[in-house]
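> only geometry, no sequence info:
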């Protein structure tokens, strides 16, 4: 009898270990973290994407300006929209690229805050489990990277979504690139579970502001353009649940598109290092509020009644500002 009891216990233990390692997809609801707003109820953060090039392609210059603006705005945290390490992610938790592209680059005092990171397609070309590992958090406590998760600040909730597995081309026509799909396969089940979890979390959210973060574009006039799979699968969920902002990287530019059929603002911050693609697709001028085919980053400031965004170039100059207001929650 004792032997019979040991087998299921052993299987459960093995499954738990594999789940922790990311070797099987998690079917549980999205993991939640808390990032309290300041005492006055405000929140401030920077967004940078597509950056990890050991300081090259002006990455160090962008980082320096982030430090200056971060201090000026008294930021609470930083969001990375993915493609954290070029060209092929990390080789492991001991890859020097983590130090050379992250720890030794973002050294300003104001940037010694929590970094909330999502994975990009280039990150999936390396050891994905390394970026997700708690070992990196021990090396640099700022680092927090999960596939998908929720960040709750009270006045705003952030829904970080793992967008790379949505794109068919990485599976159907990867060319010479090799992707690390551990924890994603079987893909259909992974995406189905993720979409249900995001939809449920957004529906249950009572936050004044709902912000979704992913690596890939939904609407963009840049080099990559729209990600069709996200347009058909994720966008309807965002529209149905009154999402305010969708923030992404992938296109190496700074961009603001205002949706014509919903309140969603599409914000691209993918200018953390190599940029200047030189190919821009036509977009309806009524929707295209700003496009800059170059390097830089974005700031977001939030209160219960207002959201204000700004885009900065590599010199720290403000290139575009935009804001929106909402009525405060009723006390009754």
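Thanks, I have it. Just so we're clear, the structure is a prediction, and the values are computed from it rather than from any experiment.
> Please count neighbours and contacts with C-alpha atoms only from this point.
Will do.
> Residues in a beta bridge with residue 159, which ones?
Here residue 159 sits in beta bridges with residue 150, residue 212, as judged by DSSP bridges.
> how near is it to residue 202?
With distances taken as CA to CA, to the nearest Å, residue 159 is found 8 Å from residue 202.
> Identify the contacts common to those two.
Jointly contacting residue 159 and residue 202 under the rule CA atoms under 8 Å, 6 or more residues apart in numbering are residue 210.
> Pull up the distance across stretch 102-118, start to finish.
14 Å.
> Can you list the low-confidence ranges for the stretch 1-150 of the chain?
Applying pLDDT under 70 to the stretch 1-150 of the chain picks out residues 1-28.
> Mind doing that once more with 80?
Filtered on pLDDT under 80, the stretch 1-150 of the chain yields the residue ranges 1-29.
> residue ranges for the helices of it, please.
Along the stretch 1-150 of the chain, counting by DSSP state H, counting those that start in this stretch, helices occupy 2-21, 59-73, 97-98, 128-132, 134-139.
> In the stretch 201-332 of the chain, mark out all the helices, start to finish.
With DSSP H, counting those that start in this stretch as the criterion, the stretch 201-332 of the chain has helices spanning 228-233, 235-240.
> Out of these, which is the most enclosed?
Neighbour counts (mean count of other CA atoms under 10 Å) averaged over each of the helices of the stretch 201-332 of the chain peak at helix 235-240, with a mean of 16.
> what's in contact with it?
199, 218, 262, 264.
> make it 10 Å
The contact list for helix 235-240 (CA atoms under 10 Å, 6 or more residues apart in numbering) reads 195-196, 198-200, 202-203, 210-212, 218-219, 228-231, 241, 243-246, 261-264.
> Now, these that are in strands?
Counted as lying in strands by DSSP state E, out of the contacts of helix 235-240, are 210-212, 245-246.
> wait, doesn't residue 217 sit right on residue 253?
No. Look at residue 217 against residue 253 with CA atoms under 10 Å: they stay out of range, at 11.3 Å.
> What separation is there between residue 289 and residue 161?
Residue 289 sits 25 Å away from residue 161, going by CA to CA.
> Who has more neighbours out of these two?
When neighbours are counted by other CA atoms under 10 Å, residue 289 and residue 161 differ, and residue 161 comes out ahead with 23 against 15.
> Which residues are in contact with residue 293?
222-223, 251-255, 270-271, 275-280.
> Give me the pLDDT for it.
If you check residue 293, the pLDDT there is 97.
> circling back: could I get the helices of the stretch 201-332 of the chain in a markdown table, plus columns for mean pLDDT and distance to residue 57?
A markdown table is the format used below for those (pLDDT from 0 to 100; distance: least, CA to CA, whole Å):
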| stretch | mean pLDDT | distance to residue 57 |
| --- | --- | --- |
| helix 228-233 | 98 | 29 |
| helix 235-240 | 98 | 32 |
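> wait, which of those helices is closest to residue 189?
For the helices of the stretch 201-332 of the chain, proximity to residue 189 was assessed by CA to CA; helix 228-233 is nearest, at 13.8 Å.
> Against residue 232, how distant is the nearest residue to residue 220 once chain neighbours are set aside?
In space, and not counting its chain neighbours, residue 220 is closest to residue 226: 5.4 Å by CA to CA, 6 or more residues apart in numbering. Separation of residue 226 from residue 232 (CA to CA): 11 Å.
> where do the contact lists of residue 217 and residue 253 overlap?
Common contacts of residue 217 and residue 253, defined by CA under 10 Å, 6+ apart, comprise residue 268.
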